[in-house]
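Engineer: Test case, fold it:
(chains A and B)
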Protein chains: 2
Amino acid sequence: MNGADRLCDVLLANGVDTCFANPGTSEMHFVAALDRKPQMRCILGLFEGVVTAAADGYARMADKPAATLLHLGPGLANGLANLHNARRARTPMVNIVGDHATYHLRHDAPLTSDIESLARPMSQWVGRVSSAADIRSRAEEAYIAAMSNPGVSTLILPADAAWSEVAEEALVPATLPPRRDVAPEALRAAAAPLRGGRKTALFLGGRALRADALDIAGRIAAGTGATLFTERAARWQRGAGRVSPRPVPYNIELAVAALQEFETAILIGGRAPVGFFAYPEKPGFLLPDGCDVIELAGVEHDLHQVLQALADELGPRHLAPAVTGPFTARDLPAPTGDLTPSAISQAVARALPEGAILCDESITSAGRFAELAPNMAPHDHLPLTGGAIGIGIPLSVGAAVACPDRKVVALQADGSGMYTVQGLWTQARERLDILTIVFSNRGYSILKGEMRNVGVNEFGRNARRMLEIDDPALDWCSLAKGMGVEAARATTAEEFTNLLTAGLSRRGPFLIEALI
Amino acid sequence: MNGADRLCDVLLANGVDTCFANPGTSEMHFVAALDRKPQMRCILGLFEGVVTAAADGYARMADKPAATLLHLGPGLANGLANLHNARRARTPMVNIVGDHATYHLRHDAPLTSDIESLARPMSQWVGRVSSAADIRSRAEEAYIAAMSNPGVSTLILPADAAWSEVAEEALVPATLPPRRDVAPEALRAAAAPLRGGRKTALFLGGRALRADALDIAGRIAAGTGATLFTERAARWQRGAGRVSPRPVPYNIELAVAALQEFETAILIGGRAPVGFFAYPEKPGFLLPDGCDVIELAGVEHDLHQVLQALADELGPRHLAPAVTGPFTARDLPAPTGDLTPSAISQAVARALPEGAILCDESITSAGRFAELAPNMAPHDHLPLTGGAIGIGIPLSVGAAVACPDRKVVALQADGSGMYTVQGLWTQARERLDILTIVFSNRGYSILKGEMRNVGVNEFGRNARRMLEIDDPALDWCSLAKGMGVEAARATTAEEFTNLLTAGLSRRGPFLIEALI
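Structural biologist: Numbering: from 1, shown residues only, chains lettered A, B, ... in the order given. Predicted structure coming up:
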């Protein structure tokens, strides 16, 4: 067997049995090794941004990493924007990047580049295999790093390490270090302001946003008067019967207003909120001056256990039944008339099946989703975490691969959707049960708002040429058809509702182009 | 005026009047400044890989840089693969990347990343503006670096430097350093083997591949018996009446065979040839042992002048009339029957109009182009330089913007074409005169060959799932229609020839899907 076989075996021994890939010549031995392992599911993306976002969506839902396979520096480069999103989501991933044979690097062949320099900004762990003998330990390191302090591990695999022979060896799953514990004094420090009646906000992230953990957080909030917020959710279990933390608003003024009353912030998987962007004369750090920030636990902790320990520390006197929303969205009337983001969110809210996965890159077209979500059927919400647009379509691919029995609905803005439009082909290739809703507003609407934020209200030719994408209009039905995905266009709320009903009741990929 | 206005003014003062862009919030002040400069042509790409490849194609044809405008680390990341190609083409470019306001970076906001680490592998020069006052000198540095030792300059522009006020100031074009001279002794050293009858190969690159420089090289070759090769052509003036150096073969065995006789290699804008990839037991450096390598001049020299000086040094006794091909391709019969790469190259060869620009990402579908090119109408050939696939469609965008009166023909493999398929939209938006020919073979054919190179002849399910893209088949006519480009499908050589005639005789974008 060769080094490439060993790498496959280490991945499989650790339960990494799904590989999103776009290989090249330097990875041919790894492809040949994968070909000898039918238990590894290999899924092709026609562009590397599809590969990395799909691996992100997969791991958010499967709670274990997928592998990726990328071709040299340029292949990695194409996947970096969505690795950036995965880094911000704290998604575990084993990102495998082929490189030239070690002895070939000195020739500076055309495809040579500094892979480490490219990988580091978007990876929590970067390592290079030095020889075939080294593959097991490096691959285990990559896996352990990805799992224990969740994040992207990038493992660089030179071609000669892949093709060189190694001895057979019995493999066992790698031993993960125990989760970090929270010290009793940290729990006491967090409990004190909650008990003492200080205005307290809990910032939840990571697995603190799963239904069972949210229930504990909800009991704490109900018993102490604390407010729950989400910061940088990667996967958020939402809907009727679940506790609903508030998202921190994107708009700086709204965020400051929402946070101004708080005297204490407790971070439980979330971070202290900061502005997405800087604006002249506006604050970057969003908590009020003098607000105490208590960093109780990060995503590397067992956040369910941390919340339980905090509840135990508070004791029954400071706990009360969690407040959750009733399932009222199903009773909403079907929207009529103009097709607006608000109408679309209403139509989706009333029809979304229980257990659906919402991949959300709706940007300015979110409509009433934030308001309606607590009363929709219980579902998982996977948002854009790092602000690098172009995640939605392939994120839905990964989620559908991880959860073949759940309906995936991708809420997709048109400008961002074009970034990784190639993901539609993988939806079709893998017959994934994904309904994609494209909000076709034919412009970078968020940027028009941001131009106004910088004081420009009249757009000249150059600004219009950079912010509008209406000439020519994108025809999403043709784009989808070109990649084997059936699609239809809606121009009214009634048409949309009919297509939504049809799309939700069938299996397999379908796309609705919503002209808003 | 603010720093963003200053940056626009510095670019315009230096003749940089075309900006390929995909901006974001942190670049809104720069967008507002561009909006105040109608003399700057701003061209939107719906993905950053389109932006950077278009800037590459533009500069290869315009002989001056375009600017790009990219949004933070992720926007740069999306453009990196084609910056890699531009780096290998030694294309001058002023790549402008917005960043958060300097004081906002410490908050590690969601879109924050290490832009320098991302930029360095694909840039010859990387600089960061520290304040508005600093913009002029940094932008001039970036421009001078891009021009004098041709390559990609990446200038990082923090938002607060863009929005802060600066005093009015008179601008003048930056002073470029004089081109490096070649020392007389270097010329004598290069002339000696040519005079002495040693088997000599000249490796030509950069502007040594322009018609007038090739003519000098051709006279040297004819007078001394030397052989001309191209290595890493970025732009190659080819066709009837022009001297035709030989491309170094991609295949290692063929390359070694083509080069085995040489005792001396003289580099004039080219590099000593190395294997594109390493293979077990095959050489990486392709010249024979003991071959002298004389590095006479790189692309930072005036290569026309260097060739003239070498000719002068050799003297009339060692010069002879250059050998060029007759214009016989027009007499080829129209191909008939099956639509093969060979038939397509024959059809294009006979019909290509004089002065056309061939953007070539045909990969395994090149057919007989290399053989026919010396006898085709004089044209410019722009190949894939760095091996990072996904350049062809947007490269044609840039070439057409630079040369609006010349027909651009893009020879596009299907797998690579999907990487930056969004470039078709910019073809339509800008009404560019581009005929795109997609070689639809529905697979990564080069990789099937490379799998055989590593000894795998039987492909199992995983290998097939990673190397074939036939399920579902891509429908390029629908994809083109979806982005506003008219398209038609050819399944026979006759149909192709008819579509080619139609496509060449009209103006504006048109796409032929060639089912090969």
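
Engineer: now A:Ala222, what's its secondary structure?
Structural biologist: Counting by DSSP: H, G, I helix; E, B strand; the rest coil, the backbone at A:Ala222 sits in helix.

Engineer: For the residue nearest to it when sequence neighbours are not counted, grab phi and psi.
Structural biologist: Closest residue to A:Ala222 apart from its sequence neighbours, by Cβ to Cβ, 6 or more residues apart in numbering or on different chains: A:Ala320 at 3.8 Å. (Each C-beta comes from the backbone N, C-alpha and C, glycine too.) Backbone torsions for A:Ala320, taken as degrees, to the nearest 10, come to phi -150, psi 160.

Engineer: burial measure for A:Ala320, as a count.
Structural biologist: Applying other Cβ atoms under 10 Å in any protein chain shown, we find 15 residues neighbouring A:Ala320.

Engineer: distance of it from B:Met93?
Structural biologist: Distance, A:Ala320 to B:Met93, using Cβ to Cβ, to the nearest Å: 62 Å.

Engineer: circling back: can you tell me how far the residue nearest to A:Ala222 is from chain B?
Structural biologist: From A:Ala320 over to chain B the distance is 34 Å, taken as Cβ to the nearest Cβ, to the nearest Å.

Engineer: now do A:Leu479
Structural biologist: Here the criterion is Cβ to the nearest Cβ. By it, A:Leu479 lies 4 Å from chain B.

Engineer: Pretty sure that residue sits in a helix.
Structural biologist: Yes - under three-state DSSP, A:Leu479 falls within a helix.

Engineer: what number of residues lie near the closest residue to A:Asp99 other than its chain neighbours?
Structural biologist: Leaving aside its chain neighbours, A:Asp99 sits nearest to A:Pro158 (4.8 Å; criterion: Cβ to Cβ, 6+ apart). When neighbours are defined as other Cβ under 10 Å, A:Pro158 has 24 of them.

Engineer: For the stretch 151-300 of chain A, which segments count as strands?
Structural biologist: Per DSSP state E, counting those that start in this stretch, the stretch 151-300 of chain A carries strands over the ranges A:152-158, A:200-204, A:227-230, A:236-238, A:246-247, A:264-268, A:292-297.

Engineer: Which pLDDT value belongs to the residue nearest to A:Asp99?
Structural biologist: Looking at A:Pro158, its pLDDT reads 97.

Engineer: My guess is it contacts A:Gly127. True?
Structural biologist: No - between A:Pro158 and A:Gly127 there is no contact under Cβ atoms under 8 Å: 12.0 Å.

Engineer: Quick one: distance of the lowest-mean-pLDDT helix or strand in chain A to the chain centre.
Structural biologist: Sorting the helices and strands of chain A by mean pLDDT, DSSP states H and E puts helix A:445-453 at the bottom, at a mean of 86. The gap between where helix A:445-453 is centred and where its chain is centred comes out at 25 Å by Cα atoms, centre = their mean, to the nearest Å.

Engineer: Does anything pack onto the helix or strand following that helix? Which helices or strands?
Structural biologist: Sequence-wise, the next helix or strand downstream of helix A:445-453 (DSSP states H and E) is helix A:461-467. Helices and strands touching helix A:461-467, by 3 or more Cβ pairs under 8 Å, 6 or more residues apart in numbering or on different chains; DSSP states H and E, are helix A:445-453, helix B:28-35, strand B:41-44.
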